[in-house]
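Enquirer: next comes the sequence, and after it the predicted model I'd like to discuss.
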Amino acid sequence: MSKIAVLTSGGDAPGMNAAIRAVVRSALAKGTSVLGVRNGYAGLISGNLTPLGARDVGGIIQQGGTVLGSARCPEFETEEGRLRALRTLHQHDIEGLVVIGGNGSQAGSHALSEMDFPVVGVASTIDNDLYGSEITLGVDTALNIALEATDRLKVTAASHQRAFLIEVMGRNCGYLALNVGIAAGAEAIVIPEAETSPEDVAQEVRNAYKRGKTHALVVVAEGSKYNAHRLEQHFHENRKRLGFDLRVTILGHVQRGGAPSSADRLLASRLGGAAAERLIDGEAGVLIGLLGGKVAATPLTEVAQGKKEIDPHLWELAQVLAR
Ligand code: ADP
């Protein structure tokens, strides 16, 4: 291949820039030139592309977000939109595409690959809900940001002998909440995969007090049936009966913006480099991720159908360690 393109799509994740850099420099090392597509699939449809040389991707490895911009593009979910994207790719003599993004973005990669265009995905989402990679770009940084916030809340909770609830991101996946909960030493964790009710949470907090704890921390995944708002409402309405109230903090998008951790920079470098090399060597229609600690390719058809599950042992461990 003499020319490939790279784009970042969907929710931004710390490490995307390091992945762009790795794609560009690995492709250049193989004698292949690279075009950067601005704003995800939207830029592919409108033809918003820019050449990326080795110096253009200098000084970005330590930056969160994505210098190419990202976007959600409903038009790409239509065949007409994808045909327009294909036209742009052909007009610029692009022979292959690297898509750095999460679940939705890789569904897009799959759709494009079904139209016989060579695409390789890079597993990138702070939610860690993507099949085909045990850990995705941005997760480690997001975990560390959430952990710093929970540690701070614990200090206040301990000083005032109160119960605090913190909601973390993750869409419909409880990975972030479960891992933050364990690492922060939470008394209770609420994830979509387990569907703990508000009364269950109350019982866990009450049990913690009975075991001699003077304060409690509850970590909730945003995609849970009982998210922070619903739990807050329940606890407020039943405050007298329950005997305590929960102070709620919703972490939201601050979890996304940080400078990528060393783990994310290294993962991005490995996955981005492998994506470019494999694409140029003729391996397409796959997602590049980490499996068993090694860089591995999973067919996009499997990625589109697969569902990543929560590790049941980790969930059990969380209950044991909350004692
Ligand atoms: P993420 O990649 O972070 O999961 P989204 O779910 O928002 O983000 O998806 C990003 C973009 O991927 C969408 O705006 C759309 O352009 C594209 N996309 C999502 N699902 C599909 C699909 N089924 N077919 C084609 N493109 C899709």
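Expert: Structure received.
Enquirer: residue 18 is in contact with residue 265, correct?
Expert: Yes. Counting by C-beta atoms under 8 Å, residue 265 touches residue 18, with 4.8 Å between them. Where C-beta positions appear, they are placed from N, C-alpha and C, glycine not excepted.
Enquirer: joint contacts of the two?
Expert: residue 61 (C-beta atoms under 8 Å, 6 or more residues apart in numbering).
Enquirer: and the protein, what are its domains?
Expert: Using automatic domain parsing, the domain parsing of the chain gives 3-138+260-305, 139-257.
Enquirer: deepest-packed of those domains, please.
Expert: For the domains of the chain, the largest average neighbour count (mean count of other C-beta atoms under 10 Å) is found in domain 3-138+260-305, namely a mean of 21.
Enquirer: and the pLDDT at the closest residue to residue 72 other than its chain neighbours?
Expert: Spatially, and ignoring its direct neighbours in sequence, residue 72 is nearest to residue 10 (6.6 Å; C-beta to C-beta, 6 or more residues apart in numbering). Residue 10 is assigned 94 on the pLDDT scale.
Enquirer: helix, strand or coil: sort out residue 10 for me.
Expert: Recorded secondary structure, residue 10: coil (DSSP: H, G, I helix; E, B strand; the rest coil).
Enquirer: so it makes contact with residue 40?
Expert: Yes. Between residue 10 and residue 40 a contact is recorded at 7.0 Å, counting by C-beta under 8 Å.
Enquirer: overlap in contacts, the two.
Expert: Both residue 10 and residue 40 are contacted by 70, 72, 101, 105, under the criterion C-beta under 8 Å, 6+ apart.
Enquirer: distance of the first one from the ligand?
Expert: Applying C-beta to the nearest ligand atom, to the nearest Å, one obtains 8 Å for the distance of residue 70 from the ligand.
Enquirer: residue contacts, the residue in the stretch 151-300 of the chain that the ligand sits nearest to?
Expert: For the stretch 151-300 of the chain and the ligand, the shortest gap (C-beta to the nearest ligand atom) falls at residue 171, measuring 7.7 Å. Residues in contact with residue 171 (C-beta under 8 Å, 6+ apart) are 127, 129, 222-223.
Enquirer: 7 Å instead?
Expert: Taking C-beta atoms under 7 Å, 6 or more residues apart in numbering as the contact definition, residue 171 lies against 127, 129, 223.
Enquirer: now, among these, which is nearest to residue 303?
Expert: Closest approach between those and residue 303, by C-beta to C-beta: residue 129, at 11.4 Å.
Enquirer: excluding covalently adjacent residues, which one is nearest to residue 36?
Expert: Per C-beta to C-beta, 6+ apart, closest to residue 36 is residue 52, 4.4 Å.
Enquirer: ok, the one you found touching residue 34?
Expert: Yes. The pair residue 52 / residue 34 is scored as a contact, 4.8 Å apart, by C-beta atoms under 7 Å.
Enquirer: hey, what's in contact with both of the two?
Expert: residue 24.
Enquirer: can you list contacts of the longest helix seen in the chain?
Expert: Longest helix in the chain, counting residues (DSSP state H): helix 139-160. Contacts of helix 139-160 with the rest of the structure, by C-beta under 7 Å, 6+ apart, involve 14-15, 126, 128, 164, 166, 168-169, 176, 179-180, 183-184, 215, 217, 219, 249, 251, 254-256, 258, 260-261, 263-264.
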